[in-house]
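Q: Predicted model, plus sequence, below.
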Amino acid sequence: MQSGNYLVGDPLSLERIRSVLTRLEDTIIFGLIERAQYAHNPRMYQPGAFKELQEHGFPGSWLDWFLKETEAFHAKARRYTSPDETPFTENLPEPVLPPLKFPEILFPNTINANPSILAFYVCHIIPRITSQATRTLAASKRAQGILGSAEFEDDGNYGSAATLDVEVLQAVSKRVHYGKFVSESKFLEKPSAFIPHILKPNRKALEDLITKPEVEKRLLERLAKKAATYSQSLDASGTGKIDISGVVDLYESYIIPLTKEVEVEYLLHRLDGLSEDDIQRLANEGSP
Ligand SMILES: C=C(O[C@@H]1C=C(C(=O)O)C=C[C@H]1O)C(=O)O
């Protein structure tokens, strides 16, 4: 079993990188199954919806606050000195410990896809995976004579739901930004294939080079099986604890495309600051 710790073994082995992505599937699916037990609770995602936060000088949403507070603590524990962790929050505090000395595996970059990850999670994923719990809540409210829009008001589990949202968002962020390791691995495998499309930027050509349709196909098939298995095994009622097609759609429509955008963006800047001699040496590597 490959180590998730890239300080062990070859950090740029594509097999090892893919095994990390596969393990993150489990983290993401279990987090979505847990979040799906609570209603949508839309006010959690509306900036300014909690006057208590505004009274504490925080203008953002409940989830924004949870991310800020969680990531501030994790930053002090030097979580974000690791190249495979990317925060959602800006201006985080400095670590209380000196940074770990990580090997220079990735080319220096400032790629951060978290604004897009947060947007699609809040706008598309949350409403879909919580729809069953929301409908169940509405039915129970109607049975108590609570009708109209009040049927669909939230269940008040703001802390539990936001804790799970943060866990899923952190796992999705790690998964998407692992695209940098994938790109570095593919680039070093054959630099000459990529260099012409970096020197004369060609996103389509780079995307075609990094895309592996058979890997994506196997992943989506595996994902559907995992979601069905994990969901049924956690739910004796047999109704299933999560919208399986919603999990597959999360990957097919959002996670995989964003991972590939990170891969291409990383490649487009892979030669930044290198001399012509450096680039020529790279182009000659892997050549017979
Ligand atoms: C991550 C990789 O690169 C691309 C992105 C994939 C994904 O996001 O799952 C899968 C295959 C490739 O199209 C890979 O080759 O493993």
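A: Structure received.
Q: and the stretch 151-288 of the chain, which of its residues are near the ligand?
A: Residues of the stretch 151-288 of the chain lying close to the ligand (C-beta under 6 Å from any ligand atom) are V182, I210, T211, K212, V215, E216, L219, I256, T259, K260. C-beta here means a position set from N, CA and C on the backbone, and glycine is covered the same way.
Q: one more time with 8 Å, if that's ok
A: With C-beta under 8 Å from any ligand atom as the criterion, the stretch 151-288 of the chain comes near the ligand at residues 175, 178-179, 182, 186, 210-213, 215-216, 219, 251, 255-257, 259-260, 263.
Q: Which residue is the nearest non-sequential neighbour of Y254?
A: F120 (4.8 Å; C-beta to C-beta, 6 or more residues apart in numbering).
Q: Check which residues of the strand or helix carrying the one you found are buried.
A: Assessed by DSSP states H and E, F120 sits inside helix 114-120. For helix 114-120, burial by neighbour count (16 or more other C-beta atoms under 10 Å) applies to N114, I117, L118, F120.
Q: which helices and strands does it pack with?
A: helix 158-177 (3 or more C-beta pairs under 8 Å, 6 or more residues apart in numbering; DSSP states H and E).
Q: After the helix it packs on, which helix or strand is next?
A: Sequence-wise, the next helix or strand downstream of helix 158-177 (DSSP H and E) is helix 179-189.
Q: which other residues reach that next one?
A: Here helix 179-189 makes contact (C-beta atoms under 8 Å, 6 or more residues apart in numbering) with 6, 11-14, 17, 83-84, 105-107, 109, 111, 194, 209-210, 258-264, 266-267, 270, 285-286.
Q: Go again with 7 Å.
A: For helix 179-189, contacts defined as C-beta atoms under 7 Å, 6 or more residues apart in numbering pick out 12, 14, 17, 105-107, 109, 111, 194, 210, 259-260, 262-263, 266-267, 270.
Q: now do stretch 119-127
A: The contact list for stretch 119-127, computed with C-beta under 7 Å, 6+ apart, reads H40, Y45, L169, V172, L250, Y254.
Q: tell me which of those residues is nearest to H74?
A: Nearest to H74 out of the contacts of stretch 119-127 is L169 (C-beta to C-beta; 12.6 Å).
Q: Just give the closest residue to the closest one, not the sequence neighbours.
A: Spatial nearest neighbour of L169, chain neighbours left out: Y121 (6.0 Å); criterion: C-beta to C-beta, 6+ apart.
Q: tally of neighbours for that neighbour?
A: The tally of other residues near Y121 (other C-beta atoms under 10 Å) stands at 20.
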